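# Quick one, what's the 3D model for this:
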Amino acid sequence: MYKIPGELPSELDLVLADVVRELDLATAERGVFPTPFHGLAVIEEEVDEFKTEVRHGTRDRQRAEAVQATAMLLRFLLDF
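Predicted coordinates:
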């Protein structure tokens, strides 16, 4: 969607900014996934952490884990 100059960022803009920050941080710290299987293992770990937070965590922790899982999925798409 086109944004009018000066318009406040939408909720989607804010979420995507968080995901891109997480993606940049993870890539800077760990580089690219060496293999698709390694990428899958990291994604599964992040999704498991997200599931745990959905079951037992706060809304803030759920959101944080969702951002991390999304970032790892994007990382996979970019690496392969």
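# from here on, contacts and neighbour counts on C-alpha atoms
OK.
# How much space separates the residue nearest to residue 32 when sequence neighbours are not counted from residue 73?
With Cα to Cα, 6 or more residues apart in numbering as the criterion, residue 32 has its nearest non-adjacent residue at 6.2 Å, and that residue is residue 79. Distance from residue 79 to residue 73, counting by Cα to Cα, to the nearest Å: 10 Å.
# And residue 56, by the same measure?
According to Cα to Cα, residue 56 stands 23 Å off from residue 73.
# ditto for residue 52
For residue 52 relative to residue 73 (Cα to Cα), the value is 18 Å.
# so which helix or strand takes in the one residue sitting closest to the centre of the chain?
Against the mean C-alpha coordinate of the chain, by Cα atoms, centre = their mean, the closest residue is residue 71 at 2.5 Å. Residue 71 belongs to helix 59-79 when assigned by DSSP states H and E.
# With just CA atoms, put that helix into CSV.
What follows is helix 59-79, C-alpha atoms only, in CSV (Å, rounded to 0.1, in the frame of the first residue of the first chain):
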residue,chain,number,x,y,z
ARG,A,59,1.8,-11.3,25.1
ASP,A,60,5.1,-9.5,24.9
ARG,A,61,7.0,-12.9,24.9
GLN,A,62,4.6,-14.3,22.3
ARG,A,63,5.2,-11.4,20.1
ALA,A,64,9.0,-11.5,20.5
GLU,A,65,9.1,-15.2,19.7
ALA,A,66,6.8,-14.7,16.7
VAL,A,67,9.2,-12.0,15.4
GLN,A,68,12.2,-14.3,15.8
ALA,A,69,10.5,-17.2,14.0
THR,A,70,9.4,-15.0,11.2
ALA,A,71,12.9,-13.6,10.9
MET,A,72,14.4,-17.1,10.6
LEU,A,73,11.9,-18.0,7.9
LEU,A,74,12.9,-15.0,5.9
ARG,A,75,16.5,-15.8,6.5
PHE,A,76,15.9,-19.2,5.0
LEU,A,77,14.3,-17.7,2.0
LEU,A,78,17.2,-15.3,1.5
ASP,A,79,19.9,-18.0,2.0
